[in-house]
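Chemist: let me see the structure of the following:
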Amino acid sequence: MAVMDHLDSLGLPFTSPSGLTASHTVARSALDIATKPWFQTEPDIGTRERVRRHMNYRLQSLKEQELTVGDDSTPAAEGARRHPRERTAKILHAARHHGFSVKGKIADKVRPCYLGPCPVPSTTELAGDIIAPGRSALGVLLWRATSAVVHGQTHGLTMFYAEVSGAPETGPDDHFVYRQMQFSPQEAAFRCAGAPLATLSMLRRLYGHFGRPTAGLESVGQDVARTWLHIAGLPHAPVA
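Modeler: Next up is the predicted model:
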């Protein structure tokens, strides 16, 4: 269900009447997705620091759960607020037991508690770090994997980048990757079509599992297949 909620939320900017900033909104979401795993799996940190970062994200998430309830005073709302507060209290108790310093108060209506010297850094603070020269390549790979979808590129292009030392930078020419790497549009079509078709297949099963109509996905899948056949120079057979 969380997957469906995430898909619905990312799709909302594109279906709203004022969708001029839709691509920027989704790009920011992709940046959030890229920075979080990089921050948590940074190779040069120790085990305790990794635990601290993970639990700070957890504390932040619990505070966000509490804030979504608002100031409603109904019994259901009180119960919804009580659960994240109780979970927060358990985390802070365990953290103190294992020697972590604890900052903040559970009763704070805005700021989450955090372990150690500093809270979770913002996406803006981490954005420059994940692609900084001389840093681990993990951040660049995470950003490419997530932003590729946002900017309409297929997962196949990220595979092209990974196979070449000194990957080319993005330029204004739409065909810079094919030319520099000596791939023809036909070869690229063969490599790139699998990712969107596999995604559509996954979504079709997911929609069916939750009883949602899949007619729209079927139409999109047929369009993708026809485009792939055209670029690849293959005969236009009926698309199932």
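
Chemist: tell me the confidence at Phe39?
Modeler: Note on Phe39: pLDDT of 83.

Chemist: pretty sure it belongs to a helix, no?
Modeler: Yes. Counting by DSSP: H, G, I helix; E, B strand; the rest coil, Phe39 is found in a helix.

Chemist: ok now do it, which residues does it touch?
Modeler: 53, 120-121, 126 (CB atoms under 8 Å, 6 or more residues apart in numbering). The C-beta positions use only the backbone N, C-alpha and C, and glycine is treated the same way.

Chemist: quick one, domains of the protein?
Modeler: Domain assignment for the chain by automatic domain parsing gives 2-152, 157-240.

Chemist: now the strands for this protein?
Modeler: 102-103, 114-115 (DSSP state E).

Chemist: quick one: contacts of the last one?
Modeler: Going back to what we said before, that points to strand 114-115. With contacts defined as CB under 8 Å, 6+ apart, strand 114-115 is touched by 52, 55-56, 59-60, 95, 100-104, 120.

Chemist: that older thread, mean pLDDT lowest where, among the domains of the chain?
Modeler: domain 157-240 (a mean of 62).

Chemist: what's the neighbour count on Ile131?
Modeler: Neighbourhood size, Ile131 [other CB atoms under 10 Å]: 15.

Chemist: and it, how close does it get to Asp108?
Modeler: 33 Å (CB to CB, to the nearest Å).

Chemist: again, but for Ala137
Modeler: For Ala137, the distance to Asp108 - CB to CB - is 38 Å.

Chemist: equivalent analysis for Arg87, please.
Modeler: Arg87 is 15 Å from Asp108, by CB to CB.

Chemist: JSON lines for the contacts of Phe39, including distance to Leu67?
Modeler: Converted to JSON lines, the contacts of Phe39 look like this (distance: CB to CB, whole Å):
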{"residue": "Arg53", "distance to Leu67": "21"}
{"residue": "Val120", "distance to Leu67": "15"}
{"residue": "Pro121", "distance to Leu67": "19"}
{"residue": "Leu126", "distance to Leu67": "22"}
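
Chemist: can you go through those and name the buried ones?
Modeler: 53, 120, 126 (16 or more other CB atoms under 10 Å).

Chemist: as CSV, those with distance to Ala225 would be great.
Modeler: Output for those, formatted as CSV (distance: CB to CB, whole Å):
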residue, distance to Ala225
Arg53, 43
Val120, 42
Leu126, 38
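
Chemist: ok, so of those residues, who is nearest Thr68?
Modeler: If you rank those by distance to Thr68 using CB to CB, Val120 comes first, at 17.9 Å.

Chemist: test my guess that the closest one contacts Lys63.
Modeler: No. Counting by CB atoms under 8 Å, Lys63 is not a contact partner of Val120; they are 10.6 Å apart.

Chemist: mind listing the helices for this structure?
Modeler: Taking DSSP state H as the criterion, the chain carries its helices at 2-15, 22-41, 47-69, 75-97, 123-130, 138-150, 155-162, 176-181, 185-192, 194-209, 215-232.

Chemist: give the buried residues for the fifth one.
Modeler: It stands for helix 123-130. 123, 126-127, 130.

Chemist: could those residues go into CSV alongside distance to Leu200?
Modeler: As requested, these are exported to CSV (distance: CB to CB, whole Å):
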residue, distance to Leu200
Thr123, 29
Leu126, 32
Ala127, 30
Ile130, 29
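
Chemist: neighbours around the closest residue in space to Arg111 that isn't next to it in sequence, how many?
Modeler: Spatial nearest neighbour of Arg111, chain neighbours left out: Gly104 (5.9 Å); criterion: CB to CB, 6 or more residues apart in numbering. Gly104 has 16 neighbours, counted by other CB under 10 Å.
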